[in-house]
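K.L.:
here is the input, now give the coordinates:
(2 chains)
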Amino acid sequence: DGGITQSPKYLFRKEGQNVTLSCEQNLNHDAMYWYRQDPGQGLRLIYYSQIVNDFQKGDIAEGYSVSREKKESFPLTVTSAQKNPTAFYLCASRRGLNEQFFGPGTRLTVL
Amino acid sequence: QKEVEQNSGPLSVPEGAIASLNCTYSDRGSQSFFWYRQYSGKSPELIMFIYSNGDKEDGRFTAQLNKASQYVSLLIRDSQPSDSATYLCAADAGGTSYGKLTFGQGTILTVHP
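P.N.:
Sure thing, here's the model as predicted:
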């Protein structure tokens, strides 16, 4: 069963903590993306990766880091430098030129 | 700043009516356009994409693109209560920004019985 999985579904972070969000896909897609969605807002691009061992900053990369060591995996770390991390985080992978498909998301809350 | 603008709504239509969702974009280099449906608390689901000027139909959905006016729309015929969701419009970033999408803020659609 092909698809994109994200874990955990819900995540709570204390002030000053780094947390890592998992994203895995078995669609054999080369490109993967991380977005952030705030209530009532569209999606804003954090980081993206076109190929293994390569990634680029999106529009709001400050306070986040990523790695792309395997084609299937694109984890996102929310660092303590991100001052307002409470949001819905969405991972996507791309088929063809531009069609992006999303995982179920991780809802991060800062305590 | 490249932008995609949508009427935030909410848009309310009766069951069986046609719902019309609109989107404008600022980047003339954008070549492909996408409509996503997002139910409350869920992730976006791709429902339509369009690359060429004109209309593209898929079941009850029709996407319309007018590149000269930088305008994209989505029509939902015979609207059902299950169509109630937020609809996100997205445009590719164009140029060398291969594969990047810019999203609008979404339009909330409510279909009432």
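
K.L.:
and chain A, which residues reach chain B?
P.N.:
Within chain A, the positions near chain B by C-beta under 8 Å from any C-beta of the partner chain are A:31, A:35, A:40-45, A:48, A:50, A:58, A:90, A:94, A:97-105. For the C-beta atoms, the positions are set from N, CA and C on the backbone; glycine is no exception.

K.L.:
can you select the buried ones among these for me in ChimeraX?
P.N.:
Restricted to buried positions by 16 or more other C-beta atoms under 10 Å in any protein chain shown, the ChimeraX selection for the residues of chain A next to chain B reads:
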select /A:31,35,42,43,44,45,48,50,58,90,94,98,99,100,101,102,103,105
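
K.L.:
can you tell me which of the residues of chain A next to chain B are in helices?
P.N.:
When DSSP state H is applied, the residues of chain A next to chain B are split such that none fall in helices.

K.L.:
next step: the residues of chain A next to chain B restricted to strands.
P.N.:
A:35, A:43-45, A:48, A:50, A:90, A:94, A:99-102 (DSSP state E).

K.L.:
strands along chain B, start to end?
P.N.:
With DSSP E, the ranges of strands along chain B come out as B:4-6, B:11-14, B:19-25, B:33-38, B:45-50, B:54-58, B:61-66, B:71-76, B:85-92, B:101-103, B:107-112.

K.L.:
the third one pairs with which strands, and in what direction?
P.N.:
By that I understand strand B:19-25. Strand pairing for strand B:19-25, determined by DSSP bridges: strand B:4-6 (antiparallel), strand B:71-76 (antiparallel).

K.L.:
ok, now the fourth one?
P.N.:
In the sheet, strand B:33-38 lines up against strand B:45-50 (antiparallel), strand B:85-92 (antiparallel) (DSSP bridges).
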